[in-house]
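Visitor: A predicted structure for the sequence below; I have some questions about it.
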Amino acid sequence: MEKIIKAGICSYGMSGHIFHAPFIHTHPGFTFYAVVERSKNLARQRYPDVKVYTSVADMIKDPELDLIVVNTPNYTHYEYAKAALEAGKNVIVEKPFTVHAAEGQELAELAASKGLLLSVYHNRRFDSDFKIVKQVLGSGDLGELLEAEIHYDRYREELSYKKHKEEKLPGTGGLYDLGSHLVDQALILFGMPDAIWADIRTIRKDSLVDDYFELVYFYEHLRVRLKCSYITREPIPSYQFHGRKGSFIKTKADTQETMLQQGLMPGAPGWGIEGIHEWGLLHTERDGKVVREYLPSPKGDYLEYYDGIYNALTGKGPNPVPAADAVNVIKVIEAAFESSHAKKVISLK
């Protein structure tokens with residue numbers, strides 16, 4: 001690597017500890033140089049050489065830093081990303097990008113005006129299950145696609161210990177949190193819909209934020225349904241696609257988050273490889289013969305995102321998740337809330 005990029009992480013909660021620090025530390029093109037921890041000293045226990053700051057503002061001023069990861073509560077993303085860009089830093093923003101699409105657009109324009117990288121961490125693009133979905137849809141095996149359904153369900157009646165996720169603050173709730181993954185994946189697969197309908201609710205006892213949603217994307221010949229519920233004890237397959245020639249059914253089975261929570265580092269034996277019992281079912285026909293087979297998924301690997309960031313910063317490749325993509329995610333989320341409140345379909349054209 002001809003250049004080592006010094007990165008700082010704005011928080012060492014789950015996002016920093018699980019989804020960013022291990023990949024920055026493992027990637028040969030990066031150094032995990034600095035982190036913000038206001039009271040604890042957890043990062044240094046695992047990364048003894050990391051520089052610890054007690055405020056984001058102080059870390060952003062560090063002249064050694066090339067890249068800032070903004071992974072603070074959702075409603076602070078705009079403020080901290082703007083401050084980092086104004087300080088001349090390249091920036092990764094944890095999903096969801098911003099609370100409002102106009103904020104994201106402003107940040108994108110600011111980064112462009114300064115010649116800085118601005119990327120959003122939509123890591124679920126690099127899940128094993130989503131990779132096989134893209135592979136199957138790109139193969140043409142399903143024929144003209146007529147219906148698609150993507151779920152992100154869980155069973156969790158109790159409220160999260162992460163207080164900022166349960167308070168009625170801008171950008172909190174299931175649609176901004178888990179929903180941003182589904183919205184992004186659907187946009188990657190099918191592009192911006194003509195219109196959207198949504199039903200967004202709160203179903204857990206004592207919850208103050210939305211924890212159930214159903215979104216329907218309208219295209220000329222296709223309907224796409226995105227669904228999430230925090231009260232689903234027995235979830236159905238997370239990916240369901242039906243075309244004129246066949247169907248593909250797949251569970252959400254990427255192993256990376258589980259491995260990271262177990263303390264493993266990227267590249268550990270078996271990294272991102274699904275078990276055979278999680279393979280997706282393809283039921284179609286080829287050359288007049290019915291085919292019903294289970295397909296292995298490619299390996300999931302979030303390190304590919306940081307490969308893309310490194311290549312973008314060294315002039316070798318494109319931004320792996322451009323800000324414009326993430327702005328579209330927020331546009332859909334804002335339209336979904338408008339639809340749910342008004343109980344009507346909202347045009348996006």
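Guide: Yep, it's here.
Visitor: centroid residue for this protein?
Guide: His122 (3.0 Å; Cα atoms, centre = their mean).
Visitor: Glu144 and Gly288: what is the separation?
Guide: 18 Å (Cβ to Cβ, to the nearest Å). Heads up, the C-betas are built off the backbone N, CA and C, glycines and all.
Visitor: Show me the domain layout of this structure.
Guide: 5-121, 124-301+331-347 (automatic domain parsing).
Visitor: Most distant residue from the centre of this protein?
Guide: Most remote from the centre of the chain, using Cα atoms, centre = their mean: Gly288, at 39.1 Å.
Visitor: Please name the residues that touch that one.
Guide: By Cβ atoms under 8 Å, 6 or more residues apart in numbering, no residues touch Gly288.
Visitor: do the same with His100
Guide: 78, 330, 334.
Visitor: one step back: okay but the residue nearest to the centre of the chain is in contact with Val327, surely?
Guide: No: the criterion here is Cβ atoms under 8 Å, and His122 misses it with Val327 at 12.0 Å.
Visitor: Just say which of the domains of the chain is most tucked in.
Guide: domain 5-121 (a mean of 20; mean count of other Cβ atoms under 10 Å).
Visitor: gap between the two ends of it?
Guide: 17 Å (Cα to Cα, to the nearest Å).
Visitor: same check, this time on stretch 294-311
Guide: 35 Å.
Visitor: Could you check how far His242 is from Val136?
Guide: On the measure of Cβ to Cβ, His242 and Val136 end up 12 Å apart.
Visitor: Now do stretch 87-94, average pLDDT.
Guide: The pLDDT scores in stretch 87-94 average 98.
Visitor: ok, now stretch 335-349?
Guide: Stretch 335-349 comes out at a mean pLDDT of 97.
Visitor: Low-confidence bits of the stretch 151-300 of the chain, can you list those?
Guide: The model of the stretch 151-300 of the chain has no residue with pLDDT under 70.
Visitor: sorry, back to before: what's the overlap in contacts for His242 and Val136?
Guide: With Cβ under 8 Å, 6+ apart, His242 and Val136 have common neighbours Leu142.
Visitor: End to end on stretch 184-203, go ahead and measure it.
Guide: 24 Å.
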